[in-house]
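*Asks:* I would like to see how this sequence folds:
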Amino acid sequence: MKVEVELGTIAERGESAPALIDIEELLATRLLVQGNSGSGKSHLLRRLIEKSAPHVQQTIIDPEGDFVSLSERFGHLVIDADRGEADLQAIGERIRQSRVSCVLNLENLDAELQLRAAGVFLNALFDAEREYWYPMLVVVDEAQLFAPAAAGEISDEARKISLGAMTNLMCRGRKRGLAGVIATQRLAKLAKNVAAEASNFLMGRTFLDIDMQRAADLLGLERRQAEVFRELERGRFVALGPALSRRPLQIRVGSVETVARGSTPGLTPPPAPPTDDAREFILASAPVASARPAGPRRPANPPSSTDEVLAEVARARCSEDASVEAAPAMPDGEREAAFAQILSQIMSEPDAVFRQEAVLYQDFLVHCRIRRLGGPQLDLGGFRKRIPLARAGVDPEIIAGDEWGRVAAVADDMAEELRPVYYLLARAAMKRLACPSDMDLARVCASHSPGRGRSRLQALEQGTFIAIRKDMRGKRIVVLPDLGWETAAGDPAAPAGQFLDEAEIAPERLAV
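*Replies:* A predicted model of the protein is given here:
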């Protein structure tokens, strides 16, 4: 069945018939729209999308966020492109399976990330399984950004991904049900192998000779007829193609039901002459930032050194033995909480994570005697089981919670040297902190080498205890599949401690 939608009216002299576009023919022959900024190009795309929405699935690649308003009136799903490549690929596959129309919103990304995100998403649509090759209009606004004719400041890798995806869309997409509708401000900036695959054209106002001549060549006009593109009013286009008209025909685009967020603003009268308060506000000096960055926050009461602790023990030597013997036995739960708190205090000392276990154990025993913990002492074997938790900064409150039991159960199945790293990742995922950096991972391994942290992370991934992925900015996200948790995105090259939020640090780690 032939499906035609009305773009507007024919603007030729003496004619007022509706200007129609055949959607079925458009799916087979594709469309190129060209016009300078302000010519009505985006308005034309919006009209086409709105009128064809009931008849065919649509995907809009939107670099400026102008088309997100379609979701309110026509139910398009708005996809924020500021997410990982794996997410975008999975979403693209699901879009084809579900046959839901969508808008890929790229406005929150810089130019290079826009190319990457658009390329990944378009390739996902293109690589869908054959059973999901349903017809789809793929509208790409500002196509010269995603299929540039020449290399620019964008990296070659990002340009290659995006240009390859656009080429697949226009050259090979028809057999997969994908019909490209691309719009550009300048034909000279659009890659020729992308533009050449379109058989339908809507040429709007343009002023540069090279673009006028190329538009005339595409429409089969003579050189002297190219001047018509300078004289076109806003919202008027010259149409040609099997889905539009067999001869060049001027059309006037009709009205739309939704409004773009980036619409051209109307004239607004300036305010009255500025008052004294306005002058003072505008002409105030810029605030001067401190030339020296603030140092790390120090605890109000720094932890005592080992020498100070031993001196205190010596002063109390006379009554110490009797005190320990007289100290009442503590319940097991309270003893475990006290052990965890003492370990947390020890680890708050500078460079404590790099000390040998035997030295840390001696410090631990001294602290236990000072606090007069009754009952049997913790042996070295029991201390070694607790030290990975302390190195990872796991607070006693977390250990006592119900969720941490699941973490401990998973950690029991892995090698002992991997547990500190897993505990650190689990702590970050539980509190939705950024993924620890390589230096953070190295610290919990008592190492100064970031390579040690990376090797432990790789061992956990090989053991299927974690999965690693990256977001569009290259930051690392670690997923803990056994727990159903994942960390926030973090920079692997960040200095140690950058993933921590001060609000998340337990109070007992800030003071002894």
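
*Asks:* who's the residue nearest to Cys435 when sequence neighbours are not counted bridged to?
*Replies:* Take Cys435 and drop its neighbours on the chain: the residue closest to it by Cβ to Cβ, 6 or more residues apart in numbering is Gly490, 3.3 Å away. Just so you know, the C-beta spots here come from the backbone N, C-alpha and C atoms, and that holds for glycine as well. Beta bridges link Gly490 to Arg476, judged by DSSP bridges.

*Asks:* cool, Val103 as well?
*Replies:* With DSSP bridges as the rule, Val103 is bridged to Ile60, Val78.

*Asks:* any idea how far Ser69 is from it?
*Replies:* 9 Å (Cβ to Cβ, to the nearest Å).

*Asks:* These two - which one has more neighbours?
*Replies:* The neighbour count for Val103 versus Ser69, taken as other Cβ atoms under 10 Å, is higher for Val103 (24 against 19).

*Asks:* quick one: contacts for that one?
*Replies:* Val103 is in contact with Thr59, Ile60, Asp62, Phe67, Val68, Leu70, Ser71, His76, Leu77, Val78, Ile79, counting by Cβ atoms under 8 Å, 6 or more residues apart in numbering.

*Asks:* and Ser71, what does it touch?
*Replies:* Leu77, Val78, Val103.

*Asks:* again, 10 Å this time
*Replies:* The contact partners of Ser71, taken as Cβ atoms under 10 Å, 6 or more residues apart in numbering, are Leu77, Val78, Ser101, Cys102, Val103, Asn105, Thr258.

*Asks:* that older thread, go ahead and confirm the residue nearest to Cys435 touches Ala429.
*Replies:* No. Gly490 lies out of contact with Ala429 (Cβ atoms under 10 Å); the separation is 11.1 Å.

*Asks:* what's the overlap in contacts for these two?
*Replies:* Residues touching both Gly490 and Ala429 (Cβ under 10 Å, 6+ apart) are Cys435, Ile477, Val478.

*Asks:* which intervals of the stretch 151-300 of the chain have sub-threshold pLDDT?
*Replies:* Residue ranges of the stretch 151-300 of the chain with pLDDT under 70: 261-267, 274, 288-300.

*Asks:* how about the strands of it, start to end?
*Replies:* For the stretch 151-300 of the chain, applying DSSP state E, counting those that start in this stretch gives strands covering 178-184, 200-203, 236-241, 245-253.

*Asks:* then the shortest one to PDB, C-alphas only?
*Replies:* Think strand 200-203. Only the C-alpha atoms of strand 200-203 are listed here, as PDB (Å, rounded to 0.1, in the frame of the first residue of the first chain):
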ATOM      1  CA  ASN A 200      15.900  12.300  -3.200                       C
ATOM      2  CA  PHE A 201      16.900  15.900  -2.600                       C
ATOM      3  CA  LEU A 202      15.500  18.900  -0.800                       C
ATOM      4  CA  MET A 203      17.700  21.900  -1.400                       C
END
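
*Asks:* For it, which helices and strands make contact with it?
*Replies:* Here strand 200-203 touches strand 18-22, helix 23-29, strand 31-34, helix 41-52, strand 178-184, helix 209-219, strand 236-241, strand 245-253, going by 3 or more Cβ pairs under 10 Å, 6 or more residues apart in numbering; DSSP states H and E.

*Asks:* Nearest to Cys445 among the contacts of Ser71?
*Replies:* Of all the contacts of Ser71, Cys445 sits closest to Asn105, with 41.0 Å by Cβ to Cβ.

*Asks:* isn't the closest one right next to Asp80, touching?
*Replies:* Yes. Taking contacts as Cβ under 10 Å, Asn105 lies within contact range of Asp80: 5.6 Å.

*Asks:* Tell me which of the two has more neighbours.
*Replies:* Neighbour count, other Cβ under 10 Å: between Asn105 and Asp80, Asn105 has more, with 23 against 15.

*Asks:* how close does that one get to Leu219?
*Replies:* In terms of Cβ to Cβ, Asn105 sits 33 Å off from Leu219.

*Asks:* do the same with Arg369
*Replies:* 93 Å.

*Asks:* go on, Thr59?
*Replies:* Distance from Thr59 to Leu219, by Cβ to Cβ: 27 Å.

*Asks:* higher neighbour count, the two?
*Replies:* A count of neighbours by other Cβ under 10 Å puts Thr59 above the other of Thr59 and Leu219, at 25 against 19.

*Asks:* Report the separation between the more buried one and Phe339.
*Replies:* 58 Å.

*Asks:* do the same with Val394
*Replies:* From Val394 across to Phe339, the span is 13 Å (Cβ to Cβ).

*Asks:* again, but for Pro396
*Replies:* Taking Cβ to Cβ, one finds Pro396 at 9 Å from Phe339.

*Asks:* Among the contacts of Ser71, which one lies nearest to Gly453?
*Replies:* Asn105 (35.5 Å).

*Asks:* one step back: Cys171: which of the contacts of Val103 is nearest?
*Replies:* Looking across the contacts of Val103 and measuring by Cβ to Cβ, the closest to Cys171 is Thr59, at 17.6 Å.

*Asks:* What sits closest to the closest one if chain neighbours are left out?
*Replies:* Val138 is the one closest to Thr59 (Cβ to Cβ, 6+ apart), at 5.0 Å.

*Asks:* now the angle from the strand or helix carrying that neighbour to strand 178-184?
*Replies:* Using DSSP states H and E, Val138 falls within strand 136-140. Relative orientation of strand 136-140 versus strand 178-184 (axes from the mean of the first three to the mean of the last three Cα atoms, to 10 degrees): 20 degrees.

*Asks:* what sits up against the helix or strand following strand 136-140?
*Replies:* Counting by DSSP H and E, the element after strand 136-140 in chain order, helix or strand, is helix 143-146. Contacts to helix 143-146, defined as Cβ under 10 Å, 6+ apart, come from residues 32-34, 61, 63, 106, 111, 114-115, 118-119, 122, 140, 152, 154, 159, 161-163, 165-166, 169-170, 180-191, 194-195.

*Asks:* Which members of those occur in helices, if any?
*Replies:* 111, 114-115, 118-119, 122, 159, 161-163, 165-166, 169-170, 194-195 (DSSP state H).

*Asks:* Just the buried ones from these?
*Replies:* 114-115, 118-119, 122, 159, 161-163, 165-166, 169-170, 194-195 (16 or more other Cβ atoms under 10 Å).
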